[in-house]
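Trainee: Give me the fold of what follows.
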Amino acid sequence: MTSPIGGISFPSAITGLAGVAGTTATPDVAATTAAGDNGFASVLMSSLEELQAKQATSDGLAVQAATGDLRDVHDYMIAANEAKLATDMVVTIKNKAVEAFNEILRMPV
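Mentor: Next up, the predicted model:
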């Protein structure tokens, strides 16, 4: 059985971790700054847009369930759980970013 609702996909900046192990002795700063499209702001913005889409899908299916137009209740349950997990992920990313910012502020100059 296939679901019409896709799974939670992580932004490309999170899944593209091929260079984490580091095969070179020095980091390539030019490559990092040239990849400005995959910065934290764009990752956060895409995550928020994905969250909004998942919540809209869940809300639409909830309305269909309330009016009796929903053919399969499982679709609503899956969409509601995906929206909850996406919300938890975005809140966790936000909390970690705020925690990192506060930690940077506490560093001695």
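Trainee: Name the spans of this structure whose pLDDT lies under the cut-off.
Mentor: The chain contains residues with pLDDT under 70 at 1-37.
Trainee: rerun at 50
Mentor: 1-3, 5, 8, 10, 12-34 (pLDDT under 50).
Trainee: ok, longest helix in it?
Mentor: helix 73-105 (DSSP state H).
Trainee: mind listing what's buried in that one?
Mentor: 75, 76, 78, 79, 80, 82, 83, 86, 89, 90, 93 (16 or more other C-beta atoms under 10 Å). In short, each C-beta sits where N, CA and C put it, glycine included.
Trainee: in stretch 48-68, what's buried?
Mentor: Those would be 50, 51, 54, 55, 57, 58, 61, 65, for stretch 48-68 by 16+ other C-beta under 10 Å.
Trainee: Show me the residues you listed that map onto helices.
Mentor: 50, 51, 54, 55, 57, 58, 61, 65.
Trainee: Can you tell me how far the second one is from residue 105?
Mentor: Taken as C-beta to C-beta, to the nearest Å, the spacing of residue 51 relative to residue 105 amounts to 27 Å.
Trainee: follow-up on the earlier one: possible to save the buried residues of stretch 48-68 as CSV with distance to residue 42?
Mentor: Output for those, formatted as CSV (distance: C-beta to C-beta, whole Å):
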residue, distance to residue 42
50, 12
51, 15
54, 19
55, 20
57, 23
58, 25
61, 29
65, 35
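Trainee: And the residues you listed, which is closest to residue 101?
Mentor: residue 51 (20.9 Å; C-beta to C-beta).
Trainee: Next up, the contacts around the nearest residue to residue 50 once chain neighbours are set aside.
Mentor: Spatially, and ignoring its direct neighbours in sequence, residue 50 is nearest to residue 86 (6.5 Å; C-beta to C-beta, 6 or more residues apart in numbering). Contact analysis of residue 86 by C-beta atoms under 8 Å, 6 or more residues apart in numbering lists 8, 47, 50, 51, 54, 55.
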